[in-house]
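1. Following is a predicted model, sequence given first.
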Amino acid sequence: DLKGLAREVLAWPHLEPWQRLEWAAVLLFDAVPVKELPPWFLEQHNITRQDVGIDLLSLDGKRAVQCKCYNGTVPHSQIKRFLRVSKWIFKAQECILLTSTSSRLASDSVELLKSHCARHVIVSESRMESLTKKRKRIDLAADERRDRKSTRLNSSHRP
């Protein structure tokens with residue numbers, strides 16, 4: 001379960017900020033990191049696991065996500081490459097640029113995203129933390145259900 005893995009990874013305290021952003025995108029956009037895509041998918045699109053300008057894709061190929069975690073302005077050329085690869089190679093219908101709160105976009109980059117009907121989503125550290133806390137609440141609820149079930153089973157087998 002990739003979402004379960006993403007929640008686990010986000011809870012790891014020593015993760016680099018760009019890695020946290022990428023794994024948060026798994027949860028936020030139901031997409032798979034390119035490096036985790038199955039070999040048949042890569043062959044189908046004639047790509048390798050190296051940096052192709054896209055960080056995540058939905059398995060149906062309709063959604064492409066690029067994550068940028070900069071302390072400053074994201075280079076316009078990288079946004080152009082992301083949109084070009086998303087639209088021309090993957091034929092993605094939805095393009096999402098996910099950035100950290102420390103990343104900025106130049107006005108020409110904002111216009112480029114608009115002209116391609118691409119979304120720019122900014123995710124804060126507190127939002128990433130809430131994704132991790134959600135995991136803990138889910139795990140606690142699952143543990144409680146298992147405990148109740150185990151208690152019922154054990155009590156029903158008593159003489």
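-> The structure has been received and is ready for your questions.
2. Could you use CA atoms for every contact and neighbour count after this?
-> Fine.
3. what about the residue nearest to residue 131 when sequence neighbours are not counted, how many neighbours?
-> Of all residues not flanking residue 131 in the chain, residue 7 sits nearest, at 6.9 Å (Cα to Cα, 6 or more residues apart in numbering). Residues near residue 7, counting by other Cα atoms under 10 Å, number 22.
4. Could you check how far residue 7 is from residue 130?
-> 10 Å (Cα to Cα, to the nearest Å).
5. again, but for residue 48
-> Taking Cα to Cα, one finds residue 48 at 33 Å from residue 130.
6. show me where pLDDT drops low in this structure?
-> The model of the chain has pLDDT under 70 over residues 49-51, 134-159.
7. who's in contact with the residue nearest in space to the middle of it?
-> A centroid search over the chain (Cα atoms, centre = their mean) returns residue 25, at 1.8 Å, as the residue closest to the centre. Contacts for residue 25 (Cα atoms under 8 Å, 6 or more residues apart in numbering) come out as 31, 56, 65, 67, 98.
8. Can you lay out the residues you listed as CSV showing neighbour count and distance to residue 86?
-> What follows is the contacts of residue 25, written out as CSV (neighbours: other Cα atoms under 10 Å; distance: Cα to Cα, whole Å):
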residue, neighbour count, distance to residue 86
31, 26, 14
56, 26, 10
65, 31, 9
67, 25, 13
98, 22, 14
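9. Closest one to residue 41 out of the residues you listed, please.
-> residue 56 (12.6 Å; Cα to Cα).
10. Quick check: beta-bridge partners of that closest one?
-> residue 33, residue 65 (DSSP bridges).
11. how near is it to residue 72?
-> Taking Cα to Cα, one finds residue 56 at 22 Å from residue 72.
12. Take the contacts of residue 25 and lay them out in CSV including distance to residue 109.
-> Below are these laid out as CSV (distance: Cα to Cα, whole Å):
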residue, distance to residue 109
31, 23
56, 20
65, 16
67, 15
98, 13
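13. Which of these sits closest to residue 114?
-> Distances from residue 114 to the contacts of residue 25, taken by Cα to Cα, are shortest for residue 98, at 14.4 Å.
14. Summarise which helices and strands the helix or strand where the closest one lies is packed against.
-> Residue 98 belongs to strand 94-100 when assigned by DSSP states H and E. Applying 3 or more Cα pairs under 8 Å, 6 or more residues apart in numbering; DSSP states H and E, one finds that strand 94-100 contacts helix 17-29, strand 63-68, strand 119-123.
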